[in-house]
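A.B. asks: This is a predicted model, with the sequence first.
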Amino acid sequence: QVQLVESGGGLVQAGGSLSLSCEGSGGTFSVYHMGWFRQAPGKEREFVAAISRISNTEYADSVKGRSTISRDNNKNTVFLQMNSLKPAGTAVYYCAAADDTWSASPSQYHYWGQGTQVTVSS
């Protein structure tokens, strides 16, 4: 069972950039499909990006072209580089790991980190 810890959140002005990291421990990181999700106050958790165990990627339309997901299995870490950030991107960002399904649905992910706050000021 993998444990996940996110880092890299913070306060940034609109148009700025942030790089989030999620380090896994306690499992074989390379076998997991990894995803990033976010949840704003009063809203449901939504998909941001995913990367399969063979590094295929998928993005939500809201971040496509502005964000890049990547992974370094040697470091047990998945990254989310976010550029041209918008105030609508203010949320708690979570990384998650899935055993067998590469998906944009949160229900397919079995392991979750505690989240990191991203605040984009206008």
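C.D. replies: Perfect, I can see it now. Residues are numbered from 1 along each chain as shown.
A.B. asks: Can you spell out which residues form a bridge with the spatially most central residue of the chain?
C.D. replies: Centroid check for the chain by CA atoms, centre = their mean gives residue 36 as the closest residue, at 2.3 Å. In this structure, residue 36 bridges to residue 49, residue 95 when assessed by DSSP bridges.
A.B. asks: That one and residue 93 touch, don't they?
C.D. replies: Yes. Taking contacts as CB atoms under 8 Å, residue 36 lies within contact range of residue 93: 6.2 Å. To be clear about C-beta, it is placed using only N, CA and C from the backbone, and glycine gets the same treatment.
A.B. asks: quick one: contacts for the closest residue to residue 67 other than its chain neighbours?
C.D. replies: Using CB to CB, 6 or more residues apart in numbering and skipping the chain neighbours, the partner closest in space to residue 67 is residue 82 (4.8 Å). By CB atoms under 8 Å, 6 or more residues apart in numbering, the contact set of residue 82 is 17-20, 63, 66-67, 89, 118.
A.B. asks: Among those, the buried ones, what's the PyMOL command?
C.D. replies: Of these, the buried ones go into a single PyMOL selection, burial set by 16 or more other CB atoms under 10 Å:
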select buried, resi 18+20+63+67+89+118
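A.B. asks: can you redo the contacts of residue 82 as CSV with secondary structure and pLDDT?
C.D. replies: Listed next are the contacts of residue 82 as CSV, based on DSSP: H, G, I helix; E, B strand; the rest coil; pLDDT from 0 to 100:
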residue, secondary structure, pLDDT
17, coil, 98
18, strand, 98
19, strand, 98
20, strand, 98
63, coil, 97
66, coil, 97
67, strand, 98
89, helix, 97
118, strand, 98
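A.B. asks: Take the contacts of residue 82 and write them to a markdown table, including distance to residue 108.
C.D. replies: Formatted as a markdown table, the contacts of residue 82 follow (distance: CB to CB, whole Å):
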| residue | distance to residue 108 |
| --- | --- |
| 17 | 29 |
| 18 | 26 |
| 19 | 25 |
| 20 | 20 |
| 63 | 19 |
| 66 | 24 |
| 67 | 20 |
| 89 | 23 |
| 118 | 23 |
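A.B. asks: how far away is the residue nearest to residue 67 from residue 8?
C.D. replies: 10 Å (CB to CB, to the nearest Å).
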